[in-house]
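# Structural data only, the sequence is not supplied:
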């Protein structure tokens, strides 16, 4: 559950345990114009209204 109260179900298909993956597998670049909020440290994040 995230800080908004949302939850997600993830179903894996063709799961293969202990597969070696390179760090490049986990790189993500947000599309241009997207605002990214890092809420991993609540002490540093000021809350704001999401929907008006």
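Received, thanks. All of these numbers come straight from a predicted model, not from anything done at the bench. Residues are numbered from 1 along each chain as shown.
# show me the contacts for residue 50.
For residue 50, the contact set (C-beta atoms under 8 Å, 6 or more residues apart in numbering) comprises residue 4. No exception for glycine: its C-beta is placed from N, CA and C like everyone else's.
# element containing it?
For residue 50, there is no enclosing helix or strand under DSSP states H and E.
# Tell me where the chain has helices.
Using DSSP state H, the chain contains no helices.
# Can you pull out the low-pLDDT segments for the protein?
42, 44-45, 52 (pLDDT under 70).
# how many neighbours does residue 32 have?
Other residues near residue 32 come to 5 when the count uses other C-beta atoms under 10 Å.
# Sorry, wrong one. I was asking about residue 33.
With neighbours defined by other C-beta under 10 Å, the count for residue 33 comes to 5.
# Need phi/psi at it.
Taking degrees, to the nearest 10, you get phi 90, psi 0 for the backbone angles of residue 33.
# list the contacts for it?
No residues are in contact with residue 33 under the rule C-beta under 8 Å, 6+ apart.
# Relative to residue 6, how far out is it?
23 Å (C-beta to C-beta, to the nearest Å).
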